[in-house]
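>>> after the sequence you'll find the predicted model.
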Amino acid sequence: MRKKTNTPPSSDVHLNLKQYKKIYKQSITDPNRFWGEQAKKFISWFTPWKKVSSGDFRKQTKQWFVDGKLNACYNCVDRHLETHKDKPAIIWEGDDPNKSLTITYGELHEKVCRFANVLKKQGVEKGDRVCIYLPMIPETAIAMLACARIGAIHSVVFGGFSSESLKTRLLDLGCKIVITADESVRRGLYIPLKKNADTAIQDCPKVKKVIVVKHTGNPVEWHKKRDIWYHDAMKEVDAVCPVKIMDANDTLFVLYTSGSTAKPKGIVHTTGGYLVYVAMTFKTIFNYQDGDIYWCTADLGWITGHSYLLYGPLANGATTLMFEGVPSYPTYSRYWEMIDKYHVNIFYTAPTAIRTLRHEGDTWVTKTNRSSLKLLGTVGEPISPDVWEWYYRVVGKSKCPIVDTWWQTETGGVLITPLVGVTPAKPGSAAWPFYGIVPEIIDENGKIIKDTRPGKLVIKHSWPGMLETIWHNRIRFIKGYFEEVPGKYFTGDNAYRDKDGYFWILGREDDVIKVSGHRIGTGEVESALLTVHKISEAAVVAIPNEIKGHGIFAYVVTKPNTDLTDLKKTLNKAIQKEIGKIAVLEEVLHVKELPKTRSGKIMRRLLRKIAANEFEELGDTSTLADPSVIDDIIYQRKKIND
Ligand code: WT7
């Protein structure tokens, strides 16, 4: 039998099992000492903290690096100039394989300083919110770092979100400035970003200026008083810009993510704790060595892009590769060709991409070389053992360890992961907790599960990368994360721990669906469906999907005498308008009624089972107000199967 291993062949194994156990124990018995040391090692501080941490996690008053002063941009750019001025910081490749660009640390410094001055010239000050609605181009990273440099809070909105989504975020944050581009490009197709931004801003009176990057060069509508070309503005300012001294607990950014209600939540991350956590986890988990080329395929519009494409790598003076396109264009060899072209050593992607590429057959992979690869990573959803095996054997030629990293927008960085050289791999398991992390599995009565039964995954103690709050909604923060299991951080996931202490993540236990690794709230989709006049009620659940992991399944009740032609198309159009292209209905089931309890609650458990064609295992239906409703739904479900 082939030996399964997580041990790299080279000599750069930085740890062994005994050392891990020792460090882990120290990290949880004396977290202040542990994180104090890490903070000194990984980050340059203008003023050291007075206390490594203060407050009480159970009361949500915990703070890290109290009164410490630093600047995130300084840590990611300026401090590398002395030794790494000519080292590539960002390598960019466009959707078009013939377009690429390398930006050294020296060049990045100049661009970031200039753009920070552009923002200052527009009146942006510390604490102001700046929205970044850009494609995957270097200007996105430059804009984020420029905000960090002057203490402005950036909020990146993924370019695939619609103008409605953008509007909701702009209003919630009260942004004064939006940075966008004429268009973005994917698979050779153009997406009208500026036009989307214009539509969103119509209803956002606080937005005073829109800075526009000329990316494709196609004509855009221009609002003379409001719009500014990025390239013009960059010429008119100085290349020198001092950094703002920030408190460790000042906000670095807000990033929206889906929860169980219709309204997305603005996850707030601090400057000090977040930066320490991403810098330290990046180096430790990816085993980054100076000179390595690192590639994370995530978009900067998601937390993976923030933490492990930008802040983590740059805080370590690494070379980070940034890709505008998709894995299937121009061919299914694109990722592997890029790995050869740039001699990528560390590659971090999502199971959904791996599944798509595996589905297309091995030849797309095997015709490339990939000999530069040393380590592979995955994130975003559970990876099944067969997909893991394929990634290991075909992509990594059975010589690269895989890190299956479990974390969330809220956690800032990775919390559960294998460590290279330490954790013998179990394909499909995210393995063991990272330093300082104490996960627990909780049963339905709130009791800790000590054996291997599944339950709710919670985290017992604070860690520096944890979200500080939800933007302007502390109540939702406390309710959402600390009340399900009192005093512990509730992840929203189900998991179990096997007899060897490995964690197996089973997926979300709340009303969140992971579609192609994207986090989508069922509440958001339902409220989008209800914008369609003919719909009177809607309930959305997840169904298993071979490539996407999960798909969206909608049950709808319509108003009397409704024309049902093109129902799915109409509903998808509404979702696209309200949310964006990331959410598409896989199936719609038109039903007479939704199954409700006597108190009016929709029984989603039943809807999930029926969507998945599991009619035999419906369990107790006696609490339904009208049990016959179920028969009709099953009948309709079976009809679409035929
Ligand atoms: C949810 C968080 C963290 C970056 C990307 C996603 C799922 C994440 C794994 C993994 C199994 C995973 C969880 C989690 N998830 N990584 N390695 N194995 N599930 O961030 O959009 O905030 O989603 O993604 O369900 O709760 P996110």
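Yep, it's here.
>>> OK, contacts around residue 412?
By CB atoms under 8 Å, 6 or more residues apart in numbering, the contact set of residue 412 is 269, 273, 274, 277, 278, 303, 307, 464, 465, 466, 467. Every residue, glycine included, has its C-beta placed from N, CA and C.
>>> repeat for residue 329
95, 186, 187, 188.
>>> and what of residue 135?
Residue 135 touches 159, 181, 183, 184, 185, 191, 193, 215, 324, counting by CB under 8 Å, 6+ apart.
>>> from those, which land in helices?
Among the contacts of residue 135, DSSP state H puts residue 193 in helices.
>>> farthest-apart pair in the contacts of residue 135, please.
193 and 324 (12.7 Å; CB to CB).
>>> for the ligand, what are the nearby residues on the stretch 351-500 of the chain?
Within the stretch 351-500 of the chain, the residues that sit near the ligand (CB under 6 Å from any ligand atom) are 379-382, 404-409, 430, 491-493.
>>> I'd like the distance between the closest residue to residue 500 other than its chain neighbours and residue 497.
For residue 500, ignoring the flanking residues on the chain, the nearest one in space by CB to CB, 6 or more residues apart in numbering is residue 426 at 7.7 Å. Residue 426 sits at a distance of 12 Å from residue 497 (criterion: CB to CB, to the nearest Å).
>>> neighbour count for the two, which is higher?
residue 497 (23 against 19; other CB atoms under 10 Å).
>>> count the neighbours of the closest residue to the ligand within the stretch 351-500 of the chain for me.
Nearest residue of the stretch 351-500 of the chain to the ligand: residue 409, at 3.4 Å (CB to the nearest ligand atom). The number of residues packed near residue 409 is 19, by other CB under 10 Å.
>>> next: residue 620.
9.
>>> now the one 5 residues further on
By the other CB under 10 Å criterion, the neighbourhood of residue 625 contains 14 residues.
>>> likewise for the one 3 residues further on?
Under the neighbour criterion other CB under 10 Å, residue 628 is assigned a count of 10.
>>> could you do residue 164 as well?
19.
>>> could you pull up the residues touching the closest residue to it other than its chain neighbours?
The shortest distance from residue 164 to any non-neighbouring residue, by CB to CB, 6+ apart, is to residue 578 (5.0 Å). By CB under 8 Å, 6+ apart, the contact list for residue 578 reads 162, 164, 165, 524, 527, 528, 531.
>>> tell me the SS of the residue nearest to residue 134 when sequence neighbours are not counted?
Nearest in space to residue 134, with sequence neighbours left out and distances taken as CB to CB, 6+ apart, is residue 140 at 4.3 Å. Secondary structure assignment for residue 140 (DSSP: H, G, I helix; E, B strand; the rest coil): helix.
>>> which ones are touching the nearest residue to residue 151 once chain neighbours are set aside?
Excluding its sequence neighbours, the residue lying closest to residue 151 (CB to CB, 6+ apart) is residue 126, at 3.4 Å. Residue 126 makes contact with 150, 151, 152, 244, 246, 250 under the criterion CB under 8 Å, 6+ apart.
>>> what strand or helix carries residue 126?
Here residue 126 is covered by no helix or strand, with elements defined by DSSP states H and E.
>>> so residue 607 touches residue 541, yeah?
Yes. At 4.9 Å, residue 607 counts as touching residue 541 under the criterion of CB atoms under 8 Å.
>>> common neighbours of the two, please.
Contacts common to residue 607 and residue 541, judged by CB under 8 Å, 6+ apart, are residue 555.
>>> residues from the stretch 151-300 of the chain in reach of the ligand?
Counting by CB under 6 Å from any ligand atom, the stretch 151-300 of the chain sits next to the ligand at residue 257.
>>> look at residue 633 and report its pLDDT.
For residue 633, the model assigns a pLDDT of 95.
>>> same check, this time on residue 642
Residue-level pLDDT assigned to residue 642 equals 78.
>>> who touches it in this structure?
Contacts of residue 642 by CB under 8 Å, 6+ apart: none found.
>>> swap in residue 454?
Taking CB under 8 Å, 6+ apart as the test, what residue 454 contacts is 441, 494, 495, 496, 506.
>>> and the fourth one, bridged to which residues?
So that's residue 496. According to DSSP bridges, residue 504 are recorded as the beta-bridge partners of residue 496.
>>> so residue 57 touches residue 461, yeah?
Yes. Counting by CB under 8 Å, residue 57 does reach residue 461; the two are 5.9 Å apart.
>>> and the strands in the stretch 251-400 of the chain, which stretches?
251-257, 265-270, 293-296, 319-323, 346-349, 375-379 (DSSP state E, counting those that start in this stretch).
>>> how far off centre is the fifth one?
Between the mean C-alpha location of strand 346-349 and the chain-wide mean there is a distance of 15 Å, by CA atoms, centre = their mean, to the nearest Å.
>>> excluding chain neighbours, give the residue nearest to residue 608 in space.
residue 541 (4.6 Å).
>>> does the one you found count as helix, strand or coil?
strand.
>>> re the thing from before, quick check, pLDDT for the residue of the stretch 351-500 of the chain closest to the ligand.
With respect to pLDDT, residue 409 has a value of 98.
>>> quick check: the residue nearest to residue 134 touching residue 132?
Yes. Contact criterion CB under 8 Å: residue 140 and residue 132 qualify, at 6.1 Å.
>>> look through the stretch 51-200 of the chain and state the residue closest to the ligand.
For the stretch 51-200 of the chain, CB to the nearest ligand atom, closest residue to the ligand: residue 158, 10.8 Å.
>>> quick one: contacts for that residue?
Counted by CB under 8 Å, 6+ apart, residue 158 has contacts 299, 301, 302, 580, 582.
>>> test my guess that the fourth one contacts residue 163.
Okay, so that is residue 580. No. With contact defined as CB under 8 Å, residue 580 does not reach residue 163; the gap is 9.0 Å.
>>> so which bits of stretch 405-414 are buried?
Residues of stretch 405-414 classed as buried under the neighbour-count rule (16 or more other CB atoms under 10 Å) are 405, 406, 407, 408, 409, 410, 411, 412, 413, 414.
>>> try stretch 181-194
For stretch 181-194, using 16+ other CB under 10 Å, the buried residues are 181, 182, 183, 184, 185, 186, 191, 192, 193, 194.
>>> do stretch 172-182 as well
Neighbour-count burial for stretch 172-182 [16+ other CB under 10 Å]: 172, 173, 175, 176, 177, 178, 179, 180, 181, 182.
>>> now swap in stretch 194-201 and tell me
Buried, per 16+ other CB under 10 Å, within stretch 194-201: 194, 196, 197, 198, 200, 201.
>>> residues touching the residue lying closest to the last one once chain neighbours are set aside, list them.
Distance criterion CB to CB, 6+ apart; nearest residue to residue 201, sequence neighbours excluded, is residue 207 at 4.9 Å. By CB under 8 Å, 6+ apart, the residues touching residue 207 are 170, 175, 176, 177, 178, 201, 226.
>>> if you set the cut-off to 6 Å instead, what comes out?
By CB atoms under 6 Å, 6 or more residues apart in numbering, residue 207 lies in contact with 175, 178, 201.
>>> report the rounded mean pLDDT for stretch 27-34.
On average, stretch 27-34 scores 98.
>>> can you name the residue of the stretch 151-300 of the chain nearest to the ligand?
Residue of the stretch 151-300 of the chain nearest the ligand, by CB to the nearest ligand atom: residue 257 (5.2 Å).
>>> now do the same for residue 4: its pLDDT.
Note on residue 4: pLDDT of 50.
>>> show me where the stretch 151-300 of the chain has its helices.
Listed in chain order, the helices of the stretch 151-300 of the chain (DSSP state H, counting those that start in this stretch) span 163-173, 193-201, 230-235, 272-286.
>>> possible to save those helices as CSV with mean pLDDT?
Output for those, formatted as CSV (pLDDT from 0 to 100):
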stretch, mean pLDDT
helix 163-173, 98
helix 193-201, 98
helix 230-235, 98
helix 272-286, 98
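>>> can you tell me which of those is nearest to residue 629?
helix 163-173 (32.4 Å).
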